[in-house]
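[1] model this:
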Amino acid sequence: MEFKDDEVYAGKDLGGQDLDISAELIENYIRATGDANPIYREGSPPIAPALILCNEVYNHGDWYLPNIFGNLHARQEWDVYRPLLLGDRARTRCTVIERYTKRDREYIVNEALVFDGKGRLACRGRTHQSFLMEAVPARLEAEAKNKKKERPPHPSTIEGKRLDPIERKITLDMSRAFSGPSENYHTDEAMAKQLGFPKVIVQGMLSTCLVSDLMTRCFGEGWTRGGRMAVNLTGIVWADDTVATRGTITGVSPEGPHRRVHVIVWGEKDDGTLTLVGEASALTDER
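    Just a heads-up that it's a prediction; the model follows:
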């Protein structure tokens, strides 16, 4: 079987790049996410945020489907194996690993691999981007109604030890720092309206960075050397929304000489709208 050059298929290589983990790159991440953990500026050398290269999937190759009207970042998975360090020469590679259909939407899964300065795998991300199979505004309205009908129990009802939440207002400047410098529907309101959105929509990846912020604060090295995340992006975050990122520890399981702490995580806006729901985990030596 042969694939056309412009076809999006599982196995399509999207390329990658070599880049320096610089102080400027770290500072831009802090500015874009509000995650100013001291470990990013201290140490010899300091470590970079676990998701410092979270947007690599958007920097390589032509993997979006032609109809981008109403497209959404639907799901995100992360596996963090080791931290990148200030001064590292990192290497990335992106590949389409899956294409599937669900509820009249097509999904493309882009896997990004990030290697540290010694060529070791530091992080793996899998981004599920969804596309409407027909560009009709009514489809977006119908989806919103169906989501309300199918809403599962609120994650706050799950019993366990609560983590201290992170509450953050996602300003337009943050969205521009995260999704710029080019003009797009995450940075420019006119472009957002062209794609069926009433105003600037904050990139879904930023919500996953807030979960990483939460897990780094609570578990430190256990997140940067063994973190996992699998979350569904359930609600749109608009510029100037305030989002609280929360977590509840639901259990602990053995993993070699260590233990893995399992956490239900979610993002919630002031009006109670859930923006993200899923699971995360980190390693610990505590008993």
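[2] Strands of this structure, start to end?
    Applying DSSP state E to the chain gives strands spanning 13-15, 18-20, 72-80, 89-102, 105-115, 121-132, 161-162, 166-170, 228-233, 241-255, 258-269, 274-284.
[3] Format the ones you listed as JSON lines; extra columns: distance to Asp62, mean neighbour count and mean pLDDT.
    C-beta here means a position set from N, CA and C on the backbone, and glycine is covered the same way. Shown next, in JSON lines, are these (distance: least, C-beta to C-beta, whole Å; neighbours: other C-beta atoms under 10 Å; pLDDT from 0 to 100):
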{"stretch": "strand 13-15", "distance to Asp62": "8", "mean neighbour count": "14", "mean pLDDT": "96"}
{"stretch": "strand 18-20", "distance to Asp62": "20", "mean neighbour count": "13", "mean pLDDT": "97"}
{"stretch": "strand 72-80", "distance to Asp62": "17", "mean neighbour count": "20", "mean pLDDT": "96"}
{"stretch": "strand 89-102", "distance to Asp62": "10", "mean neighbour count": "16", "mean pLDDT": "97"}
{"stretch": "strand 105-115", "distance to Asp62": "11", "mean neighbour count": "20", "mean pLDDT": "97"}
{"stretch": "strand 121-132", "distance to Asp62": "13", "mean neighbour count": "21", "mean pLDDT": "96"}
{"stretch": "strand 161-162", "distance to Asp62": "43", "mean neighbour count": "10", "mean pLDDT": "96"}
{"stretch": "strand 166-170", "distance to Asp62": "28", "mean neighbour count": "18", "mean pLDDT": "97"}
{"stretch": "strand 228-233", "distance to Asp62": "23", "mean neighbour count": "20", "mean pLDDT": "98"}
{"stretch": "strand 241-255", "distance to Asp62": "31", "mean neighbour count": "16", "mean pLDDT": "97"}
{"stretch": "strand 258-269", "distance to Asp62": "30", "mean neighbour count": "21", "mean pLDDT": "98"}
{"stretch": "strand 274-284", "distance to Asp62": "27", "mean neighbour count": "21", "mean pLDDT": "97"}
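[4] what about Ala10, neighbour count?
    Ala10 has 13 neighbours, counted by other C-beta atoms under 10 Å.
[5] I meant to write Gly70 there.
    Gly70 has 19 nearby residues by other C-beta under 10 Å.
[6] correct me, but it touches Ala192?
    No. Look at Gly70 against Ala192 with C-beta atoms under 8 Å: they stay out of range, at 11.2 Å.
[7] pLDDT value on the closest residue to Asp35 other than its chain neighbours, please?
    Distances taken as C-beta to C-beta, 6 or more residues apart in numbering put Asp213 closest to Asp35, at 4.0 Å, once the chain neighbours are dropped. Model confidence at Asp213, expressed as pLDDT, equals 98.
[8] Next: Ala190.
    Looking at Ala190, its pLDDT is 91.
[9] Would you mind measuring from it to Phe197?
    Counting by C-beta to C-beta, to the nearest Å, the gap from Ala190 to Phe197 is 11 Å.
[10] go on, Tyr64?
    16 Å.
[11] of these two, who's got more company?
    Phe197 (19 against 14).
[12] any idea how far that one lies from Ser212?
    Taken as C-beta to C-beta, the span from Phe197 to Ser212 is 25 Å.
[13] Please apply the same query to Glu106.
    For Glu106, the distance to Ser212 - C-beta to C-beta - is 28 Å.
[14] cool, Arg168 as well?
    Relative to Ser212, and taking C-beta to C-beta, Arg168 is found at 13 Å.
[15] okay, now Leu86: neighbour count?
    Using other C-beta under 10 Å, Leu86 has 18 neighbouring residues.
[16] Would you check that it makes contact with Ser44?
    No. Applying C-beta under 8 Å, one finds Leu86 not in contact with Ser44, separated by 9.4 Å.
[17] How about His154: what's its closest non-neighbour residue?
    Leu274 (7.5 Å).
[18] The one you found touches Val265, doesn't it?
    No. Between Leu274 and Val265 there is no contact under C-beta under 8 Å: 11.0 Å.
[19] count of residues packed around Thr157?
    Per other C-beta under 10 Å, the neighbour tally for Thr157 reads 8.
[20] what's it in contact with, if anything?
    Contact analysis of Thr157 by C-beta atoms under 8 Å, 6 or more residues apart in numbering lists nothing.
[21] separation between it and His262?
    Distance of Thr157 to His262, computed by C-beta to C-beta: 17 Å.
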